[in-house]
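In: with the sequence up front, the predicted model follows.
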Amino acid sequence: MTSLRRALLACAVALLGLAPQPASAASELGPVQQSASALAEFDVRDYGATGNGTTNDDDAIDRAINAASAAPGGTVVLPSGRYRARTIHLKSNITIRLDSGATILAASSGMDAPEPNPNDAYQDYGHSHFHNSLMWGSGLTNVHITGTGTIDGDGNLITGNPSSGQADKALTLTECSNISLEGVTFRRGGHFGALINGCHDITIDNLKTIYSSSGVRDGINLINSWNVTVTNSRIEASDDALVFKSDYALGHTYTSQNVRVHDTTVYSHENNALQFGSETCGDFRDFRFERVTVLGAGKAGIGIVSMDGAVIEDIHYGDVTLTKTTSPFFFKIGERKRCPGSPPAGRIRNITISDVTGSNLTAPVVTGTVGAPDYTSTLTGTPSVDIGPGITFQNVDLTVPGGHPASEASRVPGEYLTTYPPRDYGARPSYGYWIRHATGITLNGETRFDDNDNRPYVIADDASDVQLNGVVAQRGSGSAYDVGFSGVTGYAVRDSADTSGGALRIRATGSTPVPGTPESLYAEAESGTVTAPMQVAADPAASGGSYVTVASGNNSKSSAPSTGWTTIPFTVEHDGTFAVWARVITANDGDDSFWVRSGTGTWSNWNNIPIGTSWHWAKLPVTYDLAAGARTITFAYREDGARLDRVAISSDPAFTPDGTPASQEAHS
């Protein structure tokens with residue numbers, strides 16, 4: 001209502017000899033009331049609000065809301081001013097417009113008491129109670145909050161469990177429909193800037209949540225909600241920023257689905273930026289994230305956890321930029337079972353991540369919540385339930401911090417089935433991706449590190465159908481291998497290389513390649529059966545710290561000796577023609593040969609191995625046709641100065657361990 005119209009209304013009321021009344025109570029005014037309804041604007045100052053920042057204005061705001069809702073429908077206008085408020089009670093069919101300079105400030109006391117909830121054992125206190133909020137509504141439709149003003153907890157909204165008269169949320173909506181939050185700013189929102197549970201047809205556009213060192217935890221929680229659009233917003237928090245959950249606070253769940261997030265910036269200083277869970281009683285499907293910038297995450301930049309039985313599927317990320325994230329990706333199935341009936345482990349499947357870049361991937365701040373400054377991207381299920389299938393990383397380019405030693409490659413993190421923070425697992429045994437209890441994982445993209453990292457790029461354990469297609473991975477100066485498969489049924493490494501263009505080194509243990517895929521296998525020379533006078537010697541520069549050589553003074557140049565061998569076992573999964581490579585030291589042309597054979601076949605004289613006084617790879621001049629099954633390659637001494645460290649066999653014509661150039665291949 002304009003100032004002129006307010007003046008005219010006051011004059012009309014005075015002439016009629018009536019006391020001034022807000023429009024909602026002036027039905028007897030006839031034409032005057034009809035004019036107010038036609039305008040559909042209800043200025044809170046007309047209902048007694050002062051906007052002075054000290055007087056509690058919530059009763060006046062509630063009166064304006066009641067009038068707008070009963071009109072039916074109207075805009076509650078808050079002009080420039082500071083409106084101190086206890087709990088504000090929302091109604092259907094209203095728009096609350098915060099004009100430029102308008103701020104709603106939470107009062108320090110007098111907030112609505114939390115309502116009882118018989119289901120509060122299934123989620124944290126803050127999720128279980130809704131009335132202890134600065135603004136709340138339940139079962140409403142057509143509720144819109146818009147404008148350029150601010151909703152500010154003012155340090156009075158609690159980030160833990162509130163005491164009597166305190167609130168812990170800026171805005172709570174439950175089982176509402178046709179909701180929009182547009183243009184406004186949330187500041188110091190308490191435990192939740194906005195907690196939206198069981199709602200549908202939600203539009204969030206040009207929204208801002210402001211980070212503060214205190215008085216703020218989660219940004220926006222969308223729980224059990226569907227038909228949601230989040231656009232053109234900046235959502236920042238200390239705890240989870242933009243998070244999707246499904247708890248049991250309503251006494252039931254809804255499937256969260258048809259959610260679109262695009263052209264939005266997200267920043268969590270201590271926890272997760274874009275996150276599913278941890279509350280996951282109901283299912284999630286059909287989410288799309290596009291053109292999203294993650295400026296920081298103390299835990300996961302992109303996180304998906306199913307802890308309470310939820311199926312999370314058909315989730316797609318595209319054109320995402322990550323910076324200052326402790327874990328670029330953290331996907332986990334757990335078994336917390338914090339829902340009625342203690343449901344078994346859920347599922348995470350059919351997830352695509354495409355066109356993602358990440359750099360400066362360390363925690364924004366390192367706290368006890370965060371753990372270490374960085375953790376490897378993680379995909380893990382449980383020993384009984386695999387994560388996947390259909391989890392695909394396409395054109396994902398990351399530069400991780402690096403700086404980890406080779407000794408961490410042997411780490412086997414615990415299961416931690418009932419907890420979900422990335423820090424629980426500690427340092428991962430690989431620097432790019434750590435995969436465990438998984439099926440149907442595909443990686444594509446380039447991963448580098450800022451500081452030399454001697455862990456392998458990928459380790460996959462207890463998995464099936466794990467494929468690297470078109471991968472480029474940087475190699476640490478002291479790394480023993482690039483990709484490790486342990487207990488993996490169906491692995492493949494295709495069209496992939498290190499950053500120097502060499503083939504990735506694969507260590508496969510108890511694993512089988514994808515049928516029809518060339519095999520490349522490694523083994524330590526000392527892992528075979530070694531007979532005297534061949535012996536094992538130590539060298540820190542050797543793979544595994546040891547190598548095999550013959551005792552000095554033993555030479556057998558005319559024929560292979562009857563003893564003095566190392567017989568190295570390999571398990572070949574598919575028939576094929578295999579080339580053989582060996583990592584050797586051959587110091588001069590008098591100490592540059594071995595006898596070699598496959599199985600019990602004919603010995604080959606491998607002479608004139610390329611000379612080198614440090615460890616280097618060389619290729620045998622013969623190949624072996626090997627049938628699937630247990631096979632052996634045997635090396636016998638020929639000249640006493642030749643040293644043998646590691647052996648590789650491959651049916652891949654393009655395979656070269658460590659990118660050894662063709663000029664170093666040996667020919668007799």
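Out: Okay, I see it.

In: what's the mean pLDDT across the helix or strand harbouring Val647?
Out: Using DSSP states H and E, Val647 falls within strand 643-650. What strand 643-650 shows for mean pLDDT is 95.

In: beyond the longest strand seen in the chain, next helix or strand please.
Out: Ranked by number of residues, the top strand in the chain under DSSP state E is strand 284-306. Downstream of strand 284-306, the first helix or strand assigned by DSSP H and E is strand 311-323.

In: show me what that following strand is in contact with.
Out: Applying Cβ atoms under 8 Å, 6 or more residues apart in numbering, the external contacts of strand 311-323 come out as 274, 276, 280, 283-297, 301-302, 304, 306, 328, 346-361, 398. All C-beta spots, glycine's among them, are computed from the backbone N, C-alpha and C.

In: give me the buried subset of the residues you listed.
Out: With burial judged by 16 or more other Cβ atoms under 10 Å, the buried subset of these is 274, 276, 280, 283-285, 287, 289-290, 292-297, 301-302, 304, 306, 328, 346-358, 361, 398.

In: show me the contacts for Gly110.
Out: Listed by Cβ under 8 Å, 6+ apart, the contact set of Gly110 reads 56, 86-87, 165.

In: for Val294, same thing?
Out: Counting by Cβ under 8 Å, 6+ apart, Val294 touches 265-267, 273-274, 301-302, 320-323, 325.

In: what does Pro340 give?
Out: Contacts of Pro340 (Cβ under 8 Å, 6+ apart): 122, 248, 281.

In: would you mind giving the secondary structure of it?
Out: Classification of Pro340 using DSSP: H, G, I helix; E, B strand; the rest coil returns coil.

In: how close does it get to Gly309?
Out: With the distance defined as Cβ to Cβ, to the nearest Å, Pro340 ends up 10 Å from Gly309.

In: list the residues that contact both of these two?
Out: Here Pro340 and Gly309 have Cys281 as joint contacts, going by Cβ under 8 Å, 6+ apart.

In: just checking, next helix/strand downstream of the strand or helix carrying Val143?
Out: Val143 is located in strand 141-147, with elements delineated by DSSP H and E. Using DSSP H and E, the helix or strand that follows strand 141-147 in sequence is strand 150-152.

In: ramachandran coordinates for Gly564?
Out: Main-chain dihedrals, Gly564, degrees, to the nearest 10: phi 100, psi 50.

In: looking at it, it is touching Asn555, isn't it?
Out: No: if you go by Cβ atoms under 8 Å, Gly564 and Asn555 don't touch, sitting 10.4 Å apart.

In: mutual contacts of the two, please.
Out: Joint contacts of Gly564 and Asn555 (Cβ under 8 Å, 6+ apart) are Tyr637.

In: and these two? Which one has more around it.
Out: Neighbours per residue, other Cβ atoms under 10 Å: of Gly564 and Asn555, the larger number sits with Gly564, 22 against 16.

In: tell me who's in contact with the more buried one.
Out: 531-534, 550, 554, 556, 636-637.

In: let's see 10 Å
Out: 530-535, 550-551, 554, 556, 595, 635-638, 640 (Cβ atoms under 10 Å, 6 or more residues apart in numbering).

In: now Tyr522
Out: 480-481, 505-509, 543, 570, 581, 583, 646-650, 657.

In: now, which of the residues you listed lie within strands?
Out: Those of the contacts of Tyr522 lying in strands (DSSP E): 506-509, 570, 581, 583, 646-650.

In: just to revisit the earlier point, just the contacts of Gly110 now: which is nearest Ala68?
Out: Using Cβ to Cβ, Thr87 comes nearest to Ala68 of the contacts of Gly110, at 17.7 Å.

In: can you give me the neighbour number for that closest one?
Out: 20.

In: and Asp43, by the same measure?
Out: 22.

In: my read: it touches Ala49, true?
Out: Yes: between Asp43 and Ala49 there is a contact at 8.4 Å, judged by Cβ atoms under 10 Å.

In: overlap in contacts, the two.
Out: Common contacts of Asp43 and Ala49 (Cβ under 10 Å, 6+ apart): 64, 78-79.

In: out of those residues, who has the most neighbours?
Out: Most neighbours among these, by other Cβ under 10 Å: Ala64, with 29 neighbours.

In: thought Pro429 was touching Ala409?
Out: Yes: taking contacts as Cβ under 10 Å, Pro429 lies within contact range of Ala409: 5.0 Å.

In: need the overlap of contacts for the two.
Out: Common contacts of Pro429 and Ala409 (Cβ under 10 Å, 6+ apart): 455-456, 459, 484.

In: those residues in strands, which ones?
Out: Of those, the ones assigned to strands by DSSP E are 459, 484.

In: what's the most distant pair in the shared contacts of Pro429 and Ala409?
Out: The span of these, defined through Cβ to Cβ, is set by Arg455 and Gly484 at 9.6 Å.

In: so what sits against both of the two?
Out: Residues touching both Arg455 and Gly484 by Cβ under 10 Å, 6+ apart: 409, 429-430.

In: burial count for Gln257?
Out: 17.

In: in what helix or strand does Arg97 lie?
Out: Here Arg97, judged by DSSP H and E, is contained in strand 94-98.

In: could you check the angle strand 141-147 makes with that strand?
Out: Relative orientation of strand 94-98 and strand 141-147, computed by axes from the mean of the first three to the mean of the last three Cα atoms, to 10 degrees: 10 degrees.

In: strand 94-98 pairs with which strands, parallel or anti?
Out: Strand partners for strand 94-98, identified by DSSP bridges, are recorded as strand 74-78 (parallel), strand 141-147 (parallel).

In: going by residue numbers, what spans are helices in this structure?
Out: 3-16, 31-39, 58-70, 125-128 (DSSP state H).

In: please name the nearest non-neighbouring residue to Phe130.
Out: Thr172 (4.5 Å; Cβ to Cβ, 6 or more residues apart in numbering).
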